[in-house]
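A.B. asks: predicted model and sequence below, questions to follow.
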Amino acid sequence: MVELNSNELTDAEAEQYDRQIRLWGLDSQKRLRSSRVLIIGLKGLGAEVAKNITLAGVKSVTLLDDGAASQDDICSQFLVPRDQIGKNRAEASLARTQNLNPMVNVTAETCAVADHPDEYFHAFEAICATKCPTDQLLRLDKICREKSIKFFCGDVFGFFGFMFADLQTHEFAEEITEFKPTATEEPAAKRLKAEPVKTTVKRSSTFVPLQNALDVDWTAEPYSKKLKKSESSYFLMKILLKFRSENMRDPSPGTRSADMEELNRLKNEVLTKMSIPLEKVPDNLLSMVFAEIGPVCAIVGGVLSQEIIKALSQHEAPHNNMFFFNPERNLGHVECLGA
């Protein structure tokens, strides 16, 4: 059953969110208003998500990042003023995030994800993790599944980006349009005319844990049948996550030559272990994953933010369960993996 939130909006909130209420309805806005969201990682992608979620009108947004803002952030992280370079990234992003919407309670957290006990994460309705190593992503997803918290993660590596969602069992309302014939006063040959009729239906989707999505066996059906038609995104994501986990950082323009060697080594290791042909990830693709590109952050961040809003508002069908932006084609696509 789609849950309702009976808390009434104030006159100021109704005026502030008038356009959104017209778009997705009053009940959906009330659900957003009661939601607390944790955003982990405040580089370019995290900044895009923080902006969009704050503007949507949730109850609170917590910005968590234990790193310091650097010159590398300037090209994609618009929430950090230039005079705040060198300071904690979450704290430096706080003022501009809060100014986006004074009706949302925005706070900053400077401790690392690994330093927080599991109980810390129980206070949120949704958690969005970026810039985390794989072991922490799996830990967060496990915590979220135990407490029925909506879990999202994603990252941008140069011109490549992805997101994943685990909503467990998610119920939502979806508006559909049906064309029903109606009688007219025209001649008999044209008497029937189809008129669009909008109705709202309740639906449900089941999601798998992140572990399942990361452990896809591409040698087994049905994945082996679609491997030839599958493009490189999933396999590139696996290589990049392994690079981060082993090096505790992402590929950097400052160490490009050495990182290219490491990426090629990991490509051979990861794809061979998965029984995937090495040509599935072209060598030139590995040269496109350095730094964070602002427009890619905007694209992936827009999709990721919209999925969080849809999940919390319980309005419209969510993407189940992965979205990729591929630099070879400059296109995004959704895949359901690990089911």
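C.D. replies: Sure, I can see it.
A.B. asks: CA atoms for contacts and neighbours, from now on please.
C.D. replies: Noted.
A.B. asks: you'd agree residue 84 is up against residue 92?
C.D. replies: Yes. Between residue 84 and residue 92 there is a contact at 5.9 Å, judged by CA atoms under 8 Å.
A.B. asks: tell me which of the two has more neighbours.
C.D. replies: For residue 84 versus residue 92, neighbours defined as other CA atoms under 10 Å are more numerous around residue 92 (22 against 15).
A.B. asks: contacting residues for the residue lying closest to residue 270 once chain neighbours are set aside?
C.D. replies: Nearest non-adjacent residue to residue 270, counting by CA to CA, 6 or more residues apart in numbering: residue 239, 6.5 Å away. By CA atoms under 8 Å, 6 or more residues apart in numbering, the contact set of residue 239 is 263, 266, 267, 270.
A.B. asks: how about the contacts made by the first one?
C.D. replies: Right, residue 263. 239, 240, 243, 286.
A.B. asks: in a helix, the first one, correct?
C.D. replies: Put plainly, it is residue 239. Yes. Using DSSP: H, G, I helix; E, B strand; the rest coil, the assignment for residue 239 is a helix.
A.B. asks: how close does it get to residue 246?
C.D. replies: 11 Å (CA to CA, to the nearest Å).
A.B. asks: tell me where the stretch 1-150 of the chain has helices.
C.D. replies: Taking DSSP state H, counting those that start in this stretch, the helices of the stretch 1-150 of the chain run over residues 11-16, 18-24, 26-33, 44-56, 89-100, 134-147.
A.B. asks: deepest of those, which one?
C.D. replies: Sort the helices of the stretch 1-150 of the chain by mean neighbour count, taking mean count of other CA atoms under 10 Å, and helix 44-56 sits at the top with a mean of 25.
A.B. asks: in the stretch 101-250 of the chain, where is pLDDT below threshold?
C.D. replies: 182-194 (pLDDT under 70).
A.B. asks: quick one on the thing from earlier: for the contacts of residue 263, work out which two are farthest apart.
C.D. replies: 243 and 286 (11.8 Å; CA to CA).
A.B. asks: in the stretch 201-339 of the chain, which spans are strands?
C.D. replies: Assigned strands in the stretch 201-339 of the chain, in chain order: 322-326, 331-335 (criterion: DSSP state E, counting those that start in this stretch).
A.B. asks: what packs against the first one?
C.D. replies: Just to be clear, that refers to strand 322-326. For strand 322-326, the elements it packs on are strand 160-166, helix 233-247, strand 331-335, judged by 3 or more CA pairs under 8 Å, 6 or more residues apart in numbering; DSSP states H and E.
A.B. asks: kindly recompute the last result at 10 Å.
C.D. replies: strand 150-157, strand 160-166, helix 233-247, helix 294-313, strand 331-335 (3 or more CA pairs under 10 Å, 6 or more residues apart in numbering; DSSP states H and E).
A.B. asks: can you check the last one too?
C.D. replies: Strand 331-335 makes packing contacts with strand 160-166, helix 233-247, helix 294-313, strand 322-326 when contacts are defined by 3+ CA pairs under 10 Å, 6+ apart.
A.B. asks: hey, which of these is tucked in deepest?
C.D. replies: Burial of those is given as mean neighbour count (mean count of other CA under 10 Å); strand 160-166 ranks first at a mean of 26.
A.B. asks: for that strand, packing partners?
C.D. replies: For strand 160-166, the elements it packs on are strand 126-129, helix 134-147, strand 150-157, helix 210-214, helix 233-247, helix 294-313, strand 322-326, strand 331-335, judged by 3+ CA pairs under 10 Å, 6+ apart.
A.B. asks: re the thing from before, in JSON lines: the helices of the stretch 1-150 of the chain, plus distance to residue 317.
C.D. replies: Below are those laid out as JSON lines (distance: least, CA to CA, whole Å):
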{"stretch": "helix 11-16", "distance to residue 317": "25"}
{"stretch": "helix 18-24", "distance to residue 317": "12"}
{"stretch": "helix 26-33", "distance to residue 317": "13"}
{"stretch": "helix 44-56", "distance to residue 317": "18"}
{"stretch": "helix 89-100", "distance to residue 317": "27"}
{"stretch": "helix 134-147", "distance to residue 317": "20"}
